[in-house]
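Student: got a structure for you, letters missing:
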C-alpha cells in the first residue's frame, strides 16, 4: 500500500542535506484538476501550507526525538503524513509512516536519524515544489 | 434534495492543509452546492452538532482528542441521523472498512482525493440517508431536562433534587436520571447510600467511547428506581471535568431517559454552561436573608443572561410553619414568584437516613415535593392539611403575584 520511495537509500549519517540535482515532484491528479489554469493560486496556497505545517512538525519531531517522547513523535509524524498524502510527497509519506508506526508501538530506536532522514526528504520535496512553481 | 439549497457539511479535520483542500474541492462544485463548517477536534464537532444542522459529516479519524474507530463511533452516537463519510490515511483503511460496517456511508483516501470522488461520495450519502429516514419515520427520543441550583451551599438542594427525581419516576412511571454535578458537599450518592464506581468525571473522560453499555455500567440505580450518575465530589485531586464534555455527556444521556434532573449545586460557570438549553430550573433557597439575597442575585443573573422567566422556579425550602416571612413577603423582596414551598424536615430526614430509607415515599417532605413535581408536570394536586396548606393557600391569595406556573 505504501508507494515505493528512494528515501530508504539515503545514508543514515550523510553529512549535510543531500538534495538531488534535479528534485522531482508530481502534482497528484486530484490537485492538478483542482489547480487548473483559472485557479493556479490554490496550488501555491497548498504548497505554502504544506511547507509551513512541515517546518512546524519537523521542529516538534526534533524535540520529541531528543526527549524520546513517542506520543509526540507519533502525533506529529501522523500530522505531517496527512499533509504529505494530500500533496503526493511520496518520500515524506513513507518516512513519516515508519516513524509513526515505531512510535505508536513504543519502540525505542534512533529517532534522531529517522527525523534527520525525514528532514532531508522534506527539503527535497520543498526544492521540487519550488522548482515546479517556477516552471509553471 | 432541493436543488437550490446547499448541502451543509461538517468537516471534522484538524490538519489545515487537508481541510483547505477538501473545502476548496467542495467549493468548486456548483450543482450541488456545499456549505462547509469546519471542526478542529471531536469536542468542537460535538458542540457544532448541537448548535447547527448538517446534511453530512466528513470525518478524519485521527483528531487531537480522539483516535481511530472511537472517533467515528462517538460522532455517530451524537449525530445518529447524519451520514458520515470517513477520510482515511494509509493505515486507516482497515479501520475505515470497519466504520463502514458500523454505519459509515463511505470512505475516501486522503492520498487520492478529487473533487469528483468527494462530491459523489457526499451526495450519495445524503440521498441514501434521506431515503432511509423517510422509510423509517422514527422520531428522536429525547428526555425532558430539569435542573436544581442552590442559592447557597447547605440549603438542601441535593435533598430536594433526589426526592424530585424519585417523584418524577413515581408519578410518571418513566425512566429518570439524577445527574449530580454538585461539586461540594456530600452529594446525592451519599444521601441515597449508593456506592457508585464511576462519576460524571469518568463519563466526561470517556466521552469518545460512550455507548449504551458503558453508560449502564457508569450509573447506579437507587432504591426509588431512578438512575444516578454520581458527582466527582470535592475530594478529587485532579481537575474537574471540562464543562463542554459534561454538556455532551448530558445530551448523550438524554436519549435514554424520559427525565433528566441536574443537581448543579451552586451557579458557577460550569453550571451556566449546562443551562444553555434553558431547562426548567429550580432555584432553591431558605428564608434566611443571606440565602434570599443570593437567590435574588442568581435569578437576576439568569434573566440578564437571557433565561426565559417562565422557565425559572423559585423554591423555598425549610419553611417553618410560623415563619417570620411569608411567601408573599419573599415574592415582594426577591421580585419573583414563589413556585413552591417545602417545610423544614431535618428530623424526619435524619431518621430516614439512619434507617437507610432516605428516599422513603411516606416522608412528609416527599409529599410536599410530590406537589411541586406535580405542579411542574401540570398536575395540580389537592393541598395537604396543616402548615403546607396554609402556605399554599397564601400562595394563591390575592397578594401573590402571578406565578410562573400560572400558564400551565
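Tutor: Alright, I've got the coordinates. This structure is a prediction, so every number in the text was calculated from the model and none was measured.
Student: Do stretch B:9-28 and chain A come into contact?
Tutor: Yes - applying Cβ under 8 Å from any Cβ of the partner chain, one finds stretch B:9-28 touching chain A at B:14, B:15, B:16, B:17, B:18, B:20, B:21, B:24, B:25, B:28. (Each C-beta comes from the backbone N, C-alpha and C, glycine too.)
Student: from the middle of its chain, how far away would that stretch be?
Tutor: Mean-position distance between stretch B:9-28 and its chain equals 31 Å (Cα atoms, centre = their mean, to the nearest Å).
Student: How about stretch B:198-211?
Tutor: Counting by Cα atoms, centre = their mean, stretch B:198-211 is centred 14 Å from the centre of its parent chain.
Student: got a list of contacts for that stretch?
Tutor: Residues from elsewhere that reach stretch B:198-211, judged by Cβ atoms under 8 Å, 6 or more residues apart in numbering or on different chains: B:42-43, B:46, B:65-66, B:70-71, B:73-74, B:77, B:179-181, B:214-215, B:217-218, B:229-233, B:236, B:238, B:240-242, B:245-246, B:248-249, B:252.
Student: which among the residues of stretch B:9-28 next to chain A gets closest to residue B:192?
Tutor: Nearest to residue B:192 among the residues of stretch B:9-28 next to chain A, counting by Cβ to Cβ, is residue B:14 at 42.1 Å.
Student: Tell me the secondary structure at that closest one.
Tutor: Following DSSP: H, G, I helix; E, B strand; the rest coil, residue B:14 is assigned to coil.
Student: element containing residue A:129, please.
Tutor: helix A:111-135 (DSSP states H and E).
Student: Centre-most residue in the chain?
Tutor: In the absence of a named chain, this looks at chain A. Centroid-nearest residue in chain A, with Cα atoms, centre = their mean: residue A:92, separated by 3.1 Å.
Student: actually chain B
Tutor: residue B:250 (3.7 Å).
Student: contacting residues around that residue?
Tutor: B:145, B:179, B:260, B:262, B:274 are the contacts of residue B:250 under Cβ under 8 Å, 6+ apart.
Student: That one and residue B:179: what is the separation?
Tutor: Distance of residue B:250 to residue B:179, given as Cβ to Cβ, to the nearest Å: 6 Å.
Student: same deal with residue B:72?
Tutor: Residue B:72 is 26 Å from residue B:179, by Cβ to Cβ.
Student: Low-confidence bits of the chain, can you list those?
Tutor: No chain was given, so I picked chain A. Low-confidence segments of chain A, defined by pLDDT under 70: A:1-23, A:37-38, A:136.
Student: Not quite, go with chain B.
Tutor: Scanning chain B for pLDDT under 70 picks out the ranges B:1-4, B:90-91, B:131-142, B:184-186, B:234-239, B:380-408.
Student: Setting the sequence-adjacent residues aside, check what's closest to the residue of it found nearest chain A.
Tutor: Residue nearest to chain A within chain B: residue B:114 (3.5 Å; Cβ to the nearest Cβ). Spatial nearest neighbour of residue B:114, chain neighbours left out: residue A:30 (3.5 Å); criterion: Cβ to Cβ, 6 or more residues apart in numbering or on different chains.
Student: Is residue B:129 within a helix or a strand, and which one?
Tutor: In this structure, residue B:129 sits in helix B:115-136 according to DSSP H and E.
Student: tell me how far that helix is from the chain's mean position?
Tutor: Relative to its chain's centre, helix B:115-136 lies at 31 Å (Cα atoms, centre = their mean).
Student: what does that helix rub up against?
Tutor: The contact list for helix B:115-136 (Cβ under 8 Å, 6+ apart) reads A:30, A:33-34, B:1, B:7, B:9, B:22, B:25-26, B:28-29, B:32, B:34, B:55-56, B:58, B:81-85, B:105-106, B:108.
Student: Mind checking which of those land in strands?
Tutor: Counting by DSSP state E, those place B:7, B:9, B:34, B:56, B:58, B:84, B:85, B:106, B:108 in strands.
Student: how about the residues of chain A that lie near chain B?
Tutor: Residues of chain A lying near chain B (Cβ under 8 Å from any Cβ): A:1-2, A:28-31, A:33-34, A:39, A:42, A:45-46, A:49-50, A:53, A:75, A:78-79, A:81-83, A:85-88, A:93, A:97, A:101.
Student: Drop anything exposed from the residues you listed.
Tutor: When these are checked for burial by 16 or more other Cβ atoms under 10 Å in any protein chain shown, the buried set is A:28, A:30-31, A:34, A:42, A:46, A:49-50, A:53, A:75, A:78-79, A:81-83, A:85-88, A:93, A:97.
Student: Mind checking which of those residues are in helices?
Tutor: With helices defined by DSSP state H, the entries of those inside them are A:30-31, A:34, A:42, A:46, A:49-50, A:53, A:75, A:78-79, A:81-83, A:85-87, A:93, A:97.
Student: Quickly note the distance from residue A:108 to chain B.
Tutor: Per Cβ to the nearest Cβ, to the nearest Å, residue A:108 is found 21 Å from chain B.
Student: how many neighbours does the closest residue to residue B:191 other than its chain neighbours have?
Tutor: Nearest residue to residue B:191, sequence neighbours excluded (Cβ to Cβ, 6+ apart): residue B:358, at 5.4 Å. The number of residues packed near residue B:358 is 24, by other Cβ atoms under 10 Å in any protein chain shown.
Student: is it true that residue B:358 lies in a helix?
Tutor: No - per three-state DSSP, residue B:358 lies outside any helix segment and is coil.
Student: Surely it and residue B:352 touch.
Tutor: Yes - using Cβ atoms under 8 Å, residue B:358 makes contact with residue B:352 at a distance of 5.3 Å.
Student: need the strands for the stretch 251-400 of chain B, in chain order.
Tutor: In the stretch 251-400 of chain B, the segments counted as strands under DSSP state E, counting those that start in this stretch are B:259-263, B:280-285, B:312-319, B:338-343.
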